[in-house]
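J.: pasting the sequence and the predicted coordinates here, then a few questions.
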Amino acid sequence: MNRIIVGAHYGLRDWLAQRVTALVMIAYTVMFLVVWPRPMSYASWKALFAQDWMRFATLLLVVSALLHAWIGMRNVWMDYVHHTGMRLTLEIATILWLVGCGGWALQILWRV
């Protein structure tokens, strides 16, 4: 009997990536709540984000959120859009949107 295996076999890798990116986002949130400047002012906010470690942590958050969003949206498109051309179009549009968001985040983080 020949067994035909189909699919892209993203399962475990995607499951793990979703969990790891979620943990990164949770860790950032907890860390941010701990270092949140009190009382909040523009000057304290600017001073916090002027530090390279905070920019790096925020960049890590953004990359995690973008990867998390990509995996989730790709799975939605694969599960619910059955027309191949439409699914490819939606996936390309999602990639372009996420890359644009990532570029915008970089511009915001390193613009002084």
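T.: It's in. None of these values were measured; they are calculated from a predicted model.
J.: what's the closest non-adjacent residue to Leu60?
T.: Nearest non-adjacent residue to Leu60, counting by CB to CB, 6 or more residues apart in numbering: Val24, 6.2 Å away. Glycine gets a C-beta too; all of them are placed from N, C-alpha and C.
J.: the one you found: neighbour count?
T.: Per other CB atoms under 10 Å, the neighbour tally for Val24 reads 18.
J.: for it, what are its contacts?
T.: 60-61, 64 (CB atoms under 8 Å, 6 or more residues apart in numbering).
J.: now list the buried members of those residues.
T.: Those of the contacts of Val24 that meet the buried threshold are 61, 64, by 16 or more other CB atoms under 10 Å.
J.: now, which of the contacts of Val24 sits nearest Met40?
T.: Using CB to CB, Leu61 comes nearest to Met40 of the contacts of Val24, at 19.0 Å.
J.: where does that closest one fall, secondary structure wise?
T.: helix 52-80 (DSSP states H and E).
J.: which helices and strands does the helix or strand just after that helix pack with?
T.: Counting by DSSP H and E, the element after helix 52-80 in chain order, helix or strand, is helix 84-109. Helices and strands touching helix 84-109, by 3 or more CB pairs under 8 Å, 6 or more residues apart in numbering; DSSP states H and E, are helix 52-80.
J.: now find how far off-centre the helix it packs on is within its chain.
T.: Relative to its chain's centre, helix 52-80 lies at 1 Å (CA atoms, centre = their mean, to the nearest Å).
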